[in-house]
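**Student:** structure here, sequence nowhere to be found:
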């Protein structure tokens, strides 16, 4: 692991003018490998979320117009999530996202993978919601931990290949 | 038709703080009737869009996690639209929306139907996009005509029942 790669740290930013959270994170992986890690349910379940969380995929059709649903479990607690895939392209995914505990809140998520060459790529993720309050509550919920620990697991999965 | 019902005119508003368009429109219909007019593909095709536009449903699964796609034709021109249904509840629909001519632009649409009693209901529609520029271009595109003429056709369909 190269300590010079500070961009392996995720950047998580709140947009000042629209209720959007933007994440960027570099990986030692190609866009195609990152796409597979986000669309193959067995791979996705191995890295998504914070450490110690066990993810079970309940429904998964990562195609344009498809749907997804999974449950994450830790210490006897269970957290469900679901959404639909608006678009699954060559290097872009647009999907909706709802935490079952807040069923009225829906985020529109856009992910794309920028080729940096030399087998590296930058993940760009954008989460759009309909209020600044909802966006800021999400940011204050400790989401960074899940993002950082999840992407560290994804680094490890990629290194395994 | 009652001319006293000025709320049969759609209200179309741009939110000042988030890139949202909000529409409200009253109908002489129950929430269940409005839900059916938005989820039954044969009914939907009869009223959506401006006058003279012929709508063909190509794909339609109006259930939570389902998908939709249709094409509208007029004067030899063809306009395609598609999206997925994030949620189809008892009186609420959350779906994505893309005009095929602008494939990178995705709106997150939320519709709900408020019961006004006496067989009347108010439709609330919210369209969320990720930039104010995109939202304002959409507003400037003549969307009011499609909204007003479409809902007038829906009034007529309801009156037929």
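**Tutor:** Cool, got the structure. None of the values given here were measured: they were computed from a predicted structure.

**Student:** distance between the longest helix anywhere in chain A and the chain's centre?
**Tutor:** Ranked by residue count and defined by DSSP state H, the top helix of chain A is helix A:143-160. Centre-to-centre, helix A:143-160 and its host chain are 10 Å apart (CA atoms, centre = their mean, to the nearest Å).

**Student:** show me what it is packed up against.
**Tutor:** Packed against helix A:143-160 by the contact rule (3 or more CB pairs under 8 Å, 6 or more residues apart in numbering or on different chains; DSSP states H and E) you find strand A:11-14, strand A:20-27, helix A:31-39, helix A:41-47. From N, CA and C alone the C-beta is placed, and that goes for glycine too.

**Student:** pull out the buried residues from the third one.
**Tutor:** Judged by neighbour count using 16 or more other CB atoms under 10 Å in any protein chain shown, the buried positions of helix A:31-39 are A:31, A:33, A:34, A:35, A:37, A:38, A:39.

**Student:** and which of those is nearest to chain B?
**Tutor:** The nearest member of those to chain B, counting by CB to the nearest CB, is residue A:39 at 15.2 Å.

**Student:** excluding chain neighbours, what is closest to the closest one?
**Tutor:** Spatial nearest neighbour of residue A:39, chain neighbours left out: residue A:62 (3.9 Å); criterion: CB to CB, 6 or more residues apart in numbering or on different chains.

**Student:** for chain B, see how far away residue A:105 is.
**Tutor:** Distance, residue A:105 to chain B, using CB to the nearest CB, to the nearest Å: 10 Å.

**Student:** I'd guess that residue is in a strand, am I close?
**Tutor:** No: counting by DSSP: H, G, I helix; E, B strand; the rest coil, one finds residue A:105 to be coil, located in no strand.

**Student:** secondary structure class for the residue nearest to it when sequence neighbours are not counted?
**Tutor:** Using CB to CB, 6+ apart and skipping the chain neighbours, the partner closest in space to residue A:105 is residue A:134 (5.9 Å). Under three-state DSSP, residue A:134 falls in the helix class.

**Student:** what's the neighbour count on residue A:134?
**Tutor:** Each residue near residue A:134 was counted by other CB atoms under 10 Å in any protein chain shown, and the total is 16.

**Student:** and if you look at the one 10 residues further on?
**Tutor:** Residue A:144: 13 surrounding residues under other CB under 10 Å.

**Student:** what sits against it?
**Tutor:** A:10, A:12 (CB atoms under 8 Å, 6 or more residues apart in numbering or on different chains).

**Student:** check the spacing between it and residue A:101 real quick.
**Tutor:** Distance of residue A:144 to residue A:101, given as CB to CB, to the nearest Å: 19 Å.

**Student:** cool, residue A:134 as well?
**Tutor:** In terms of CB to CB, residue A:134 sits 13 Å off from residue A:101.

**Student:** pLDDT weak spots in chain A?
**Tutor:** Within chain A, the ranges that satisfy pLDDT under 70 run A:1-7.

**Student:** which parts of it sit against chain B?
**Tutor:** By the rule CB under 8 Å from any CB of the partner chain, the part of chain A lying against chain B is A:17-20, A:59, A:64-67, A:69, A:82-87, A:94, A:96, A:98, A:106, A:108, A:110, A:126, A:128, A:130-132.

**Student:** next, give phi and psi for the closest residue to residue A:128 other than its chain neighbours.
**Tutor:** Residue nearest to residue A:128 in three dimensions, not counting chain neighbours: residue A:108, with 4.6 Å by CB to CB, 6+ apart. Phi and psi for residue A:108, reported as degrees, to the nearest 10, are phi -100, psi 110.

**Student:** wait, doesn't residue A:108 sit right on residue B:108?
**Tutor:** Yes: contact criterion CB atoms under 8 Å: residue A:108 and residue B:108 qualify, at 4.3 Å.

**Student:** list the residues that contact both of the two?
**Tutor:** With CB under 8 Å, 6+ apart, residue A:108 and residue B:108 have common neighbours A:96, A:128, B:96, B:128.

**Student:** for beta bridges, what are the partners of the last one?
**Tutor:** Right, the one you point to is residue B:128. Beta-bridge partners for residue B:128, by DSSP bridges, are residue B:20, residue B:108.
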